[in-house]
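Peer 1: Need coordinates for the below:
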Amino acid sequence: MVPMMRKWLDIPSVWLLGALCLAYWQARAMPAGLSFGPVWADLLGGLLVGGGLLVALLALAELRRNRTSFMPHDEAARLVTGGIFRLSRNPIYLGDVLILAGLILFWDAVLSLVLVPIFVWVVEKRFIEKEEYRLKRKFLASYGRYSQQTRRWI
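Peer 2: Just a heads-up that it's a prediction; the model follows:
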């Protein structure tokens with residue numbers, strides 16, 4: 001039971017939720033008198049959150065259309081290279097980063113900006129590198145060509 005529970009808890013959404021909780025707490029409990037400024041941060045934050053949601057939803061739709069899993073620990077049934085995956089090898093993670101950055105701006109959580117590169121590093125080490133290894137092993141030359149043509153993030 002514990003390994004299965006760990007598998008479901010060790011997903012990027014949980015890490016994103018943790019970073020969002022930290023940013024929200026920092027904005028409310030420890031603002032340190034810092035601010036991004038007036039309306040522009042709210043507008044940019046909203047655009048980033050909306051863009052992040054759109055990118056992630058497009059990626060999920062493409063994975064579903066190709067009948068392969070979106071869970072990071074699962075074996076991929078197919079190498080998905082179409083749709084939003086032409087622009088990024090990791091559009092769901094890119095969407096997560098955009099959402100995090102956008103809500104940090106929207107909440108005026110200036111000190112929490114450090115969470116963005118930390119989140120990117122965690123996602124790369126815990127998920128992306130392992131996923132890419134499995135894809136290289138399963139799809140060989142196809143994945144090699146894809147990874148040369150398409151950047152990891154954008």
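Peer 1: Now do the helices in the protein.
Peer 2: Using DSSP state H, the helices of the chain run over 2-9, 12-29, 39-65, 91-107, 115-123, 129-149.
Peer 1: Nearest to H73, out of these?
Peer 2: helix 2-9 (5.6 Å; CB to CB). Bear in mind the C-beta positions are built from the backbone N, C-alpha and C, glycine included.
Peer 1: got any ranges where the protein has weak pLDDT?
Peer 2: For the chain, the stretches flagged by pLDDT under 70 are 1-8.
Peer 1: quick revisit: which among the helices of the chain is found nearest to M71?
Peer 2: Checked against CB to CB, the stretch from the helices of the chain lying closest is helix 2-9, at 8.4 Å.
Peer 1: Chain neighbours aside, what residue packs nearest to the residue most central in space within the chain?
Peer 2: The centroid of the chain falls nearest to Y93 when counting by CA atoms, centre = their mean (2.0 Å). Using CB to CB, 6 or more residues apart in numbering and skipping the chain neighbours, the partner closest in space to Y93 is V123 (5.1 Å).
Peer 1: burial measure for the one you found, as a count.
Peer 2: 21 (other CB atoms under 10 Å).
Peer 1: Likewise for the one 10 residues further on?
Peer 2: Burial of Y133 is recorded as 10 neighbouring residues (other CB under 10 Å).
Peer 1: Look up how far E124 lies from it.
Peer 2: 12 Å (CB to CB, to the nearest Å).
Peer 1: before we move on, what about L34?
Peer 2: Computed with CB to CB, the distance linking L34 and E124 is 28 Å.
Peer 1: Those two: which is more packed in?
Peer 2: Shown here are L34 and E124; by other CB under 10 Å, E124 has more neighbours (16 against 12).
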